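Novice: the following block contains a protein sequence and its predicted model.
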Amino acid sequence: MRFMPTFQELEELLKEHDGEFLVFDNERPRLVILDPKKYDNLGMGSQHRSKILVTGGAGYIGSHTVKALQKAGHDVLVIDDLSTGSAASVDCQLVVGSLSNQELLKQIFSQNRIEAVLHFAGSIIVEESVLNPAKYFQNNVVCGLNLLNCMVQFGVKKFIYSSSAAVYGNPQKVPIKEDTPCLPTNPYGETKLIFEKILKWYAETHDISSVVLRYFNAAGAEVDGSLGENHPVETHLIPKVLQVAAKQEAVLSIFGADYPTPDGTAVRDYIHVVDLAKAHILGLDKLKQESGHFVYNVGTGQGHSVKEIIDAVMEVTGKMVMIEQSARRPGDPAALVADAGKIRDELGFQPAHSDINSIISSAWNWHKKLYNLEKSKNLEAETA
């Protein structure tokens with residue numbers, strides 16, 4: 001008897017025969033083939049179970065989403081080059097490598113049964129993208145295409161994309177709906193928009209269904225203090241304010257105080273990273289039920305100015321934050337606030353932790369742990 005189908009042939013046979021079929025030899029039944037997705041009590045090794053591949057899963061948002069996926073019962077595999085992420089942030093199988101390595105990607109897909117891909121890997125600093133656009137087109141577009149083409153080759157059909165409100169540029173109307181014209185003002189936003197368009201065409205030509213999540217400003221940390229935000233070069237407002245509150249930096253620069261906003265500083269919509277991770281789970285659930293290309297804002301619908309965030313940090317921490325005025329950064333819009341009605345109505349998304357005090361409190365707890373502030377406080381008390 002010889003029965004050696006490829007993995008893709010086996011997948012097709014299982015679909016055709018509703019997850020099970022018999023193999024005959026000389027008209028006698030010899031072998032029963034069962035689909036582990038249908039029969040989840042087979043006790044098969046983890047290498048045979050379907051997995052969620054998370055690119056950039058050792059980074060800030062990626063690692064929180066990995067944790068949420070695991071809580072939801074998914075088997076997770078992470079690929080990350082660790083240029084900005086940390087291996088300590090993930091408690092699952094981790095492949096250290098870049099999406100530019102096409103042979104590595106093929107090896108991952110051939111050796112694992114990938115059910116869906118969540119794509120976080122990419123470059124995210126607006127100011128850097130203005131100075132070095134080539135890096136952003138390479139990391140955010142070319143490497144993403146490597147990933148998509150590998151999915152086509154191995155028949156993986158579900159994709160969740162980490163996009164950004166930066167695709168909107170400087171919108172004429174706030175809050176911003178998903179059908180607002182996308183006119184990015186920096187290369188970072190441009191690369192995100194380009195890849196969104198690529199996903200739309202891959203849905204039509206290769207049947208890869210995708211959910212695009214346009215994040216507004218992710219912030220906060222796990223309530224239990226196990227995960228938080230710690231970039232090698234920090235550019236996000238809330239952790240930068242907390243660094244000053246924690247005396248890790250002397251002063252906070254406010255980039256622009258002449259915007260057309262109530263207090264002259266830029267306004268942003270902040271979403272707790274735990275709520276954002278939940279949005280990815282809901283996106284996966286969507287793709288289990290429907291095929292196609294779907295786009296959602298992920299925010300709260302409420303904006304906070306830079307000065308309001310500084311005041312809130314001082315209130316939560318009880319620490320003074322020294323500030324200085326600086327010029328606007330190239331490519332920064334005045335206000336980005338989501339209309340989040342679509343994700344609420346279609347996916348049932350309801351942020352549970354995204355009031356600004358909860359965001360800052362959780363982030364402060366993480367920063368105190370990160371900088372050993374409680375230990376330092378205890379030592380000061382002992383020597384007083």
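Specialist: It's in. What you are looking at is a predicted structure, and each value in this text was computed from that prediction instead of being measured.
Novice: drop to CA atoms for contacts and neighbour counts, all remaining ones
Specialist: Noted.
Novice: what is the burial count for residue 262?
Specialist: 10 (other C-alpha atoms under 10 Å).
Novice: does it sit in a helix, a strand or a coil?
Specialist: coil (DSSP: H, G, I helix; E, B strand; the rest coil).
Novice: return the distance of it relative to residue 339.
Specialist: 20 Å (C-alpha to C-alpha, to the nearest Å).
Novice: all strands for the stretch 251-384 of the chain, in order.
Specialist: Secondary structure of the stretch 251-384 of the chain by DSSP state E, counting those that start in this stretch: the strands cover 252-255, 267-272, 293-298, 303-305, 323-326, 335-336.
Novice: any idea of the mean pLDDT for the fifth one?
Specialist: Confidence for strand 323-326, expressed as mean pLDDT, is 96.
Novice: remind me, longest helix of this structure?
Specialist: helix 187-206 (DSSP state H).
Novice: check which element follows that one along the chain.
Specialist: Where DSSP states H and E defines the elements, the next helix or strand beyond helix 187-206 is strand 209-215.
Novice: following that next one, which helix or strand comes up?
Specialist: Immediately after strand 209-215, counting by DSSP H and E, sits strand 217-219.
Novice: can you list the buried residues in that next one?
Specialist: Residues 217, 218, 219 are the ones in strand 217-219 that count as buried (16 or more other C-alpha atoms under 10 Å).
Novice: wait, a strand at residue 65?
Specialist: No - Residue 65 is assigned helix when assessed by three-state DSSP, not a strand.
Novice: point out the most buried one among the strands of the stretch 251-384 of the chain.
Specialist: strand 335-336 (a mean of 27; mean count of other C-alpha atoms under 10 Å).
Novice: so how far is the longest helix of the chain off the chain centroid?
Specialist: Centre-to-centre, helix 187-206 and its host chain are 16 Å apart (C-alpha atoms, centre = their mean, to the nearest Å).
Novice: quick one: contacts of it?
Specialist: 123-126, 129-130, 133, 136-137, 140-141, 144, 152, 163-169, 182, 184, 208-210, 212, 292-293 (C-alpha atoms under 8 Å, 6 or more residues apart in numbering).
Novice: give me the buried subset of those residues.
Specialist: Judged by 16+ other C-alpha under 10 Å, buried ones among these: 123-126, 129-130, 133, 136-137, 140-141, 144, 163-169, 182, 184, 208-210, 212, 292-293.
Novice: about what we covered before: quick check: angle from the longest helix of the chain to strand 293-298?
Specialist: Using axes from the mean of the first three to the mean of the last three C-alpha atoms, to 10 degrees, the inter-axis angle of helix 187-206 relative to strand 293-298 is 150 degrees.
Novice: name the residues of helix 187-206 that are buried.
Specialist: Result for helix 187-206 [16+ other C-alpha under 10 Å]: buried residues 187-193, 195-196, 199-200, 202-203, 206.
Novice: adding pLDDT and distance to residue 370, write those out as CSV.
Specialist: CSV is the format used below for the buried residues of helix 187-206 (pLDDT from 0 to 100; distance: C-alpha to C-alpha, whole Å):
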residue, pLDDT, distance to residue 370
187, 96, 32
188, 96, 29
189, 96, 31
190, 98, 34
191, 98, 32
192, 98, 31
193, 98, 34
195, 98, 35
196, 98, 35
199, 98, 38
200, 98, 40
202, 98, 42
203, 98, 42
206, 98, 44
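Novice: coming back round to it: what's the closest of the strands of the stretch 251-384 of the chain to residue 355?
Specialist: With C-alpha to C-alpha, the closest approach to residue 355 among the strands of the stretch 251-384 of the chain belongs to strand 267-272: 8.1 Å.
Novice: so in that sheet, which strands flank that closest one, and in what orientation?
Specialist: strand 217-219 (parallel), strand 303-305 (antiparallel), strand 335-336 (parallel) (DSSP bridges).
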